[in-house]
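Enquirer: Here is my input; please provide its structure:
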Amino acid sequence: MKECVVHRSIEPSILYFGTPVAVISSLNEDGSTNIAPMSSAWWLGWSCMLGLDATSKTVENLKRERDCVINLASAENVANIDRLALLTGSRSVPLHKRALGYRYSGDKFADAGLTPMDAELVQPRRIRECPIHLEGTVARIHSFAASDPRMAIPAYAVEVIIRRVHVDEALIDPAHTNRIDPDRWRPLIMSFRQFYGLTDRLQSSRLGSGAEERYAPWKQRGVKGSVTRAALRLASRKYRVR
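Expert: Next up is the predicted model:
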């Protein structure tokens, strides 16, 4: 019999339970590409929300240029990502970053041992070594946690619409050419400021047993149990935030 679990109230300095590491490519004023690692991101459909330090060079660039590439790092990229950790593209390093040991870098690709490659629809360059590249455009930038007394720095939630997806061929499901095989994808995970990878699949998911295309209205023709575009539009109007 499993021992009784005892829960205790604590006050962690951070609530950083574990999310994939992404490296955001954004365009500097001189046309060069700034790259910055982050791990506060989530996706719904083809939209993504990025949680970013409001004082960062990335936010400055995204406000001005709007386009970006979200490069998803694998466990194999851990050493390169770690080299980026305390670099900033801002010549004037913000006070809180100076206290953490950050320094200015004018060429983060070189400092991290990474290789730039051109994107197709946006100007910021992709990172060749990362196995997944998501080209996107900023839809909205929201102030985040402004009323939270525990939030130490100003922050933004940046909503990005993904426009093109590039995937290492080794990760594609051979039976479904537009799907990533989760058994092959090994993202780099940041949990409480430490690097982790995924374990093997624990068990099959009941939620994952249906056709993946059910989540894609533009692919639903002929998919059993599909939802019509009209029904989705009605649901969208019903639950729209006012």
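Enquirer: D181: how many residues sit nearby?
Expert: By other Cβ atoms under 10 Å, 14 other residues sit near D181. Using the backbone N, CA and C atoms, a C-beta is placed for each residue, glycine as well.
Enquirer: Next up, the contacts around it.
Expert: With contact taken as Cβ atoms under 8 Å, 6 or more residues apart in numbering, D181 is in contact with L171, I172, D173, P174.
Enquirer: make it 10 Å
Expert: The contact partners of D181, taken as Cβ atoms under 10 Å, 6 or more residues apart in numbering, are V167, A170, L171, I172, D173, P174, A175.
Enquirer: can you check T88 too?
Expert: T88 makes contacts with 34, 36, 53, 55-58, 94, 97-98, 102-105, 108, as judged by Cβ under 10 Å, 6+ apart.
Enquirer: Once you drop chain neighbours, what's closest to it?
Expert: Y102 (4.9 Å; Cβ to Cβ, 6 or more residues apart in numbering).
Enquirer: next one: F109
Expert: Using Cβ to Cβ, 6+ apart, the closest residue to F109 is P116 (5.3 Å).
Enquirer: for G51, same thing?
Expert: Distances taken as Cβ to Cβ, 6+ apart place S40 nearest to G51, at 3.2 Å, with adjacent residues excluded.
Enquirer: Neighbours of that neighbour, how many?
Expert: Residues near S40, counting by other Cβ under 10 Å, number 16.
Enquirer: One more: F192?
Expert: Neighbour count for F192, taken as other Cβ under 10 Å: 12.
Enquirer: List the contacts of it.
Expert: F192 neighbours (Cβ under 10 Å, 6+ apart): P12, S13, I14, L15, Y16, F17, G18.
Enquirer: for G101, same thing?
Expert: Counting by Cβ under 10 Å, 6+ apart, G101 touches A85, L86, V93.
Enquirer: likewise D67?
Expert: Contacts for D67 were tallied using Cβ under 10 Å, 6+ apart; they are 25-27, 61, 119, 121-124, 135-138, 160, 163.
Enquirer: what's the closest non-adjacent residue to it?
Expert: V122 (3.8 Å).
Enquirer: Tell me how far the one you found lies from L50.
Expert: Distance of V122 to L50, given as Cβ to Cβ, to the nearest Å: 15 Å.
Enquirer: And the contacts of G101, which of them are buried?
Expert: The neighbour count (16 or more other Cβ atoms under 10 Å) marks V93 as buried among those.
Enquirer: In TSV, list the contacts of G101 along with pLDDT and distance to F192.
Expert: Formatted as TSV, these follow (pLDDT from 0 to 100; distance: Cβ to Cβ, whole Å):
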residue	pLDDT	distance to F192
A85	91	14
L86	92	17
V93	92	24
